[in-house]
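A.B. asks: Show me how the following folds:
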Amino acid sequence: MPPAPLVDPASIDTSQVLLDRDRIRQVIPQRFEMEQLTAIVSIDEAAKIIVGYKDVRDDEFWVRGHMPDYPLLPGVLMCEAAAQLASCYCIAAHVIKEGFVGFGGMEDVRFRGQVRPGDRLILIGKGVRLHRRHTIFDVQGFVEGNMVFHGRMIGVNLSPNEASN
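C.D. replies: Below is the predicted model:
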């Protein structure tokens, strides 16, 4: 049984973009093939919730090989997109003041549906533990109102000096 939605997907207005791809690049360091977010549409610091989306394109690097003639967005990329969403929250809400949030782990991840080129993957994250050194977010992904994955993402603060060691 899937968990209750963190936010009702029907209530999400994706036309009101807070951070587009260029603004997201100012917040998180991922580039090129590893950029997994298209836009952030809501940040609610009081509720510790962030909402964004990924428009899944047919020219992405994984399409040709995962699964030929029936491309499916790999689950690991759904998790990466959710981790990037959580990282955006941590920086936008000033949970961390320097460095960036690295992927520290994931727990209780379940995949419940397919995500294919042409889909808009709505991503929702809710901060469970927000600390400058260690963060935990419950995350969910939806396509056309249906939950396609959920889990818990763990982040750790990395400074640029630590990242190069």
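
A.B. asks: Verify the stated contact: residue 13 with residue 39.
C.D. replies: No - judged on C-beta atoms under 8 Å, residue 13 makes no contact with residue 39 at a distance of 11.4 Å. Yep, even glycine has a C-beta here, placed from its N, CA and C like the rest.

A.B. asks: Show me which of those two is the more surrounded one.
C.D. replies: Neighbour count, other C-beta atoms under 10 Å: between residue 13 and residue 39, residue 39 has more, with 20 against 9.

A.B. asks: gap between the more buried one and residue 59?
C.D. replies: 18 Å (C-beta to C-beta, to the nearest Å).

A.B. asks: again, but for residue 65
C.D. replies: For residue 65 relative to residue 59 (C-beta to C-beta), the value is 13 Å.

A.B. asks: And for residue 85?
C.D. replies: 22 Å.

A.B. asks: what about the two, which has more around it?
C.D. replies: residue 85 (26 against 7).

A.B. asks: So which residues make contact with the helix ranked longest in the chain?
C.D. replies: Counting by DSSP state H, the longest helix found in the chain is helix 75-92. Contact with helix 75-92 is made by 19, 24, 27-28, 30, 34, 36-37, 40, 43, 48, 50, 52, 54, 62, 95-96, 100-101, 103, 106, 109, 111, 115, 121, 123, 125, 127, 130, 135, 137, 139, 141, 148-149, 151, 153, 155, as judged by C-beta atoms under 8 Å, 6 or more residues apart in numbering.

A.B. asks: can you give me the helices for the chain?
C.D. replies: 21-27, 75-92, 160-163.

A.B. asks: Show the average pLDDT along the second one.
C.D. replies: Within the predicted structure, the mean pLDDT of helix 75-92 is 97.

A.B. asks: Could I have the CA atoms of that helix written out in CSV?
C.D. replies: Output in CSV follows, covering the C-alpha atoms of helix 75-92 (Å, rounded to 0.1, in the frame of the first residue of the first chain):
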residue,chain,number,x,y,z
GLY,A,75,14.6,4.2,-10.9
VAL,A,76,18.1,5.4,-9.8
LEU,A,77,17.5,8.6,-11.8
MET,A,78,14.1,9.1,-10.1
CYS,A,79,16.0,8.9,-6.8
GLU,A,80,18.6,11.3,-8.1
ALA,A,81,15.9,13.8,-9.1
ALA,A,82,14.4,13.5,-5.7
ALA,A,83,17.8,14.0,-4.0
GLN,A,84,18.4,17.1,-6.2
LEU,A,85,15.0,18.4,-5.1
ALA,A,86,15.9,17.9,-1.4
SER,A,87,19.2,19.6,-2.0
CYS,A,88,17.5,22.6,-3.6
TYR,A,89,15.3,22.9,-0.5
CYS,A,90,18.3,22.8,1.9
ILE,A,91,20.0,25.7,0.0
ALA,A,92,16.9,27.8,-0.7
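
A.B. asks: All set now, cheers.
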